[in-house]
Each structure stands twice: as structure tokens, then as C-alpha cells.
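Asks: Dropping a prediction and its sequence here:
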Amino acid sequence: MVSRVIPVDEFDLVIFGGTGDLARRKILPGLFRRFLSGQMPAGSRIIGAARSELDGDGYREMIAEAVAEFGGEEASNKKGLEAFLKQLEYVAIDARGEGGWADLAAIVRQDVVQAFYFSVAPSLFGDLAERLHTNKIANAQSRIVVEKPFGRDLETARELNQTLAAHFDESQIYRIDHYLGKETVQNLMAVRFGNVLFEPLWNNHYVDHIQITVAETVGVGGRGAYYDKSGAMRDMVQNHLMQLLCLIAMEPPGQFEADAVRDEKLKVIRALQSIDHHHIVRGQYDAGPDGPSYREDAENPRSFTESFIAMRCHIANWRWAGVPFYLRTGKRMKARSSEIAVVFKDLGHTIFEGDEARHRNILAIRLQPNEGIDLQVTIKEPGPGGMRLIDVPLDMTFADALGDGAEDVTDAYERLIMDVIRGNQTLFMRGDEVEAAWAWTDPLINSWEARNDVPKHYDAGSAGPEDAMMLLHRDGRKWREIKG
Ligand code: NAD
């Protein structure tokens, strides 16, 4: 199956921070793949803008190396790479001063789609936004893309929103959460709203509970200093896990349109109840055979920052009253595995004699590895010997189900950047959503900071602290196994 490429209009994309880690690892290699699939119209340009004193050739050389290192299989397409590099330019710029702005103004066109990717520290957002206007580069149609972290609490997120709003309308601002660019996450909406099977069951009459797990095997080494000021709640829950929770729990939007979807997500965040601290488990990994402890990685022997968190949430509305949402995420866990599992209720009554086992339908949406969806159903065990029941998965791994087309499962970043060029904000967070998410997480963080809560230790390579298991055991439930 060959996937369809929808063309976009000619564009100038300026990447502030175009020499940085994110630009070299994700943004440029992703754009190269879009170029190869024919989605970058001739005449479109990518303009790197950063502090380094490079010229155009120096930048193209840097990006050729980045594509070779991070571009995957496509990197071997030398002719393609040569053609791609011809569409790249570079301007040395100082976000905080006047250097380079006149050069940028001279090359960015006003008669094509304009997008400005702020791949720099958030402390520079205000300077960039202001100088884009004083130098008459941006116009009322320009789009800006901003990265996480969007603030570290409600107050700083509000300040950032106000800074951006001083220069750009909300319809021009694209706050990236790359989880929303994942194929399966969008498929979650297709499954919910494109099938008659699921929506009638999607409520507290049929759903027992929901589990959202994002487990990573990496530690925080390398970015320990940053992470230690953040922790799993700020780094993962406030943004990625909350977004997944919203998509799974939201009411069906009236249409598949940016504000209709974002209105529904916002209602979910606002309906989240506060959590008693007995229903939050924070953890920190110990040293293991594969690496040092969290405290060594963070170079902070007295750190109380969590590298793992598990919690039980409730959404106070008619659809979800009484249904727990269990969330967990952590570093240095036993496998790299992310999934959302909708666990349906037990049958009220079984007609099969001697069937003591509890059979349950589970819809599991896997984000990684092997993106796909599987539905656990109960069937008869084949063979003679009576009616014995077993649970089997109806598995739809995209790579199997979609054949060649699945090879083109576009990376989240490149898909989202193309959405920016198209002017589609559906998969981007709106300012009020981000603020509502902080308004919910702030009191939880403040509460454990005020108590000097000490995170529980867990073995590197495990499923997290024992207390996280107890969180579900107490409710007569258990976590799904973390499998890579
Ligand atoms: P980086 O430190 O590797 O790169 C920073 C870039 O900003 C460089 O190109 C540098 O030249 C430019 N820069 C710094 N000061 C400047 C100034 N005064 N004027 C002009 N340019 C200036 O950072 P990064 O890791 O690429 O991260 C960029 C942004 O993306 C940050 O907001 C970060 O939080 C976010 N982010 C990064 C990642 C990642 O994987 N690296 C993941 C998620 C979010």
C-alpha cells in the first residue's frame, strides 16, 4: 500500500536554534524525509538561524552530517540529500541583539507561507517574537512553533503565553507536544470516532479502569542538571500523559477541527479531581548493572526529584465517574514501552461451568514499540475436552496490517511540522489547555515539596517502586506487564 502525500504550499521555514541538538537530531532529518516524499515544494526554503558564525556552505555541511547520523535509511540517498541541501540557507543571528536581523529580513519572503520554529531556550521567546515584528519579518499570517517545556508552573506558563500573545494571535501559535504527532495517538481518535463498536462502551458502565504507561530504559545522564529541576511530573505528566488522557477521555468533538477538539480536551483537564498524596507514588532509580543511580546521574547526592511517578486520577463527569485512570512513567525501567490500556468490566454472569478465571476485554493502544492496537477477547480454547476459555489478542500491528504503507509511518516531528505549514492546529496544545494542566499539577507538586516528600527507591531495570504496585493492589487491580 503506497501512502498518499498531500502537497503543501510553498513555504519559508526559519529554524531559530537551527544548529542545536533538536534541530540536528529531529527537525532537519525529518524535513529531509518529507522532502524525499515530495512534500517540500520547489522554491520552499529552510533557513537555519542561530548564534554560530557559519556561512551557508558551513551550515549545509553540518546538516549533511546530521542527516547521515540521525536520518535513518533515507540518509544513503546522496542525490536526494544534495537536492535537499540546495533548499537550505543560514543566517547568523543574535536573538538578544540586532546582529543578523536585517539579513534575515532580506531573505524571508512575504508572499509564501512563513513559519518560525523557536527551537531555543524559552527565555529567548520574547526576544525573538519582538524582533520578528520590529524588523517587519513576521506578518499576520506567520506561524510560530514553540517547544516544551512550556513553563515550569502556572505562573511561568502564563507569562510565556502573555509574551507570545503580545506579538502573535493564538491562531498563529503552535505549541508542540510530539506525542500528539504519533501515528497511534491519532489512530486512537480514528478507532474511537470511526467505529460503531467502541463508543457505546466508552464510559463507566463498561470500563473498569484505564492505564497509561510511558516507560523508558534510559536514565537522565547527559541532561541530569536540567531534569533535576523538573522531574517526571513536569517533564512527562503535565504534557505528554495529560494529552493522552485527554484524547482517551474527551467527549466526541462536533467535528474534527482544531478548536472543537481542543475545547473537549480542555474540559477533561478541568474535570480532573485533585489527588490525595496517598494516591501518588514518586520514585528514584538506584544504581544497576547498566548505569549509575539517579542521584549520580543528576550530580545531586541529596536530590528529592522523582524519575518515576505513578498516580490514580479521577475525572469528575458523567461519563467517567468512578473509573480510575492509573498513570505511570519512569526512567531506567525494564523496557521501553508506552501504551494506553482500556480495561473493560467483568461479565456480570458466566454461563460456562468451571470457568473460574476472570476474562476481560482489554483494548491496548501501543505507542512503542511496534505501534499498533490490540483487543483482548475471550474465545474457546481449540480442541476437544469441553468449553475452556482463553484470552487471545486480536492484534493490529500497523507494520503487519498495512504492509509497505507502514514503512512510511512518519516521525512525529515531521508530521507536525507539515501540519504547521498547512495551518492545522488540531494536534497542538492551545494556551488555555497548557495553563489548565499546570493549574492541576501545581498543587500536587507544591504539596510534596511542602512535605519534603522523599521518593521511593527502585531498582534500575524494574517496573518501579513496590508502592506503585500497591497503588493498584489496594484497589484489587494490577498493572499490565511492561514489555519491550
Ligand atoms: P541546544 O542548546 O542544543 O541549541 C540551542 C540553539 O539555540 C543553538 O542553535 C544556539 O545557537 C541557539 N541560540 C542560543 N542562544 C542564542 C541567541 N542568543 N541567539 C540566537 N540563537 C541562540 O538546545 P536544543 O536541545 O536543541 O533545544 C532547543 C529547544 O528545544 C529548547 O527549548 C528545549 O527545551 C527544546 N527541546 C529539546 C529537545 C531535545 O531533544 N534536544 C526535546 C524537547 C524539547
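Replies: Looks like it came in fine.
Asks: Count the neighbours of the residue of the stretch 351-484 of the chain found nearest the ligand for me.
Replies: The ligand sits closest to residue 413 of the stretch 351-484 of the chain, with a gap of 9.6 Å, by Cβ to the nearest ligand atom. Every residue, glycine included, has its C-beta placed from N, CA and C. As a burial measure, residue 413 scores 21 neighbours (other Cβ atoms under 10 Å).
Asks: Check residue 148 too.
Replies: Around residue 148 there are 18 residues (other Cβ under 10 Å).
Asks: before we move on, what about residue 78?
Replies: 10.
Asks: got it, and residue 168?
Replies: For residue 168, the number of neighbouring residues by other Cβ under 10 Å comes to 19.
Asks: Which of the three states applies to it?
Replies: Of the three states, residue 168 takes coil according to DSSP: H, G, I helix; E, B strand; the rest coil.
Asks: Would you list the phi and psi of it?
Replies: Per-residue torsions, residue 168: phi -130, psi 150 (degrees, to the nearest 10).
Asks: Can you give me the distance of the nearest residue to it once chain neighbours are set aside to residue 96?
Replies: Spatially, and ignoring its direct neighbours in sequence, residue 168 is nearest to residue 144 (5.8 Å; Cβ to Cβ, 6 or more residues apart in numbering). Residue 144 sits 18 Å away from residue 96, going by Cβ to Cβ, to the nearest Å.
Asks: higher neighbour count, those two?
Replies: Higher neighbour count among residue 144 and residue 96: residue 144, with 24 against 13, using other Cβ under 10 Å.
Asks: Please tell me how far the more buried one sits from residue 153.
Replies: For residue 144, the distance to residue 153 - Cβ to Cβ - is 22 Å.
Asks: what about the nearest residue to residue 152 once chain neighbours are set aside, neighbour count?
Replies: In space, and not counting its chain neighbours, residue 152 is closest to residue 234: 6.1 Å by Cβ to Cβ, 6+ apart. Neighbourhood size, residue 234 [other Cβ under 10 Å]: 22.
Asks: My read is that residue 234 contacts residue 449, right?
Replies: No. Look at residue 234 against residue 449 with Cβ atoms under 8 Å: they stay out of range, at 11.9 Å.
Asks: Tell me the secondary structure of the residue of the stretch 351-484 of the chain closest to the ligand, please.
Replies: Applying three-state DSSP: residue 413 is helix.
Asks: cool, residue 64 as well?
Replies: Three-state call for residue 64 (three-state DSSP): helix.
Asks: Same question for the one 5 residues further on.
Replies: Under the three-state scheme (three-state DSSP), residue 69 adopts helix.
Asks: how many neighbours does it have?
Replies: 11.
Asks: How about residue 328?
Replies: 27.
Asks: which residues touch it?
Replies: Contact analysis of residue 328 by Cβ atoms under 8 Å, 6 or more residues apart in numbering lists 211, 212, 213, 214, 215, 308, 309, 310, 311, 464, 468, 479.
Asks: Fine by me, thanks again.
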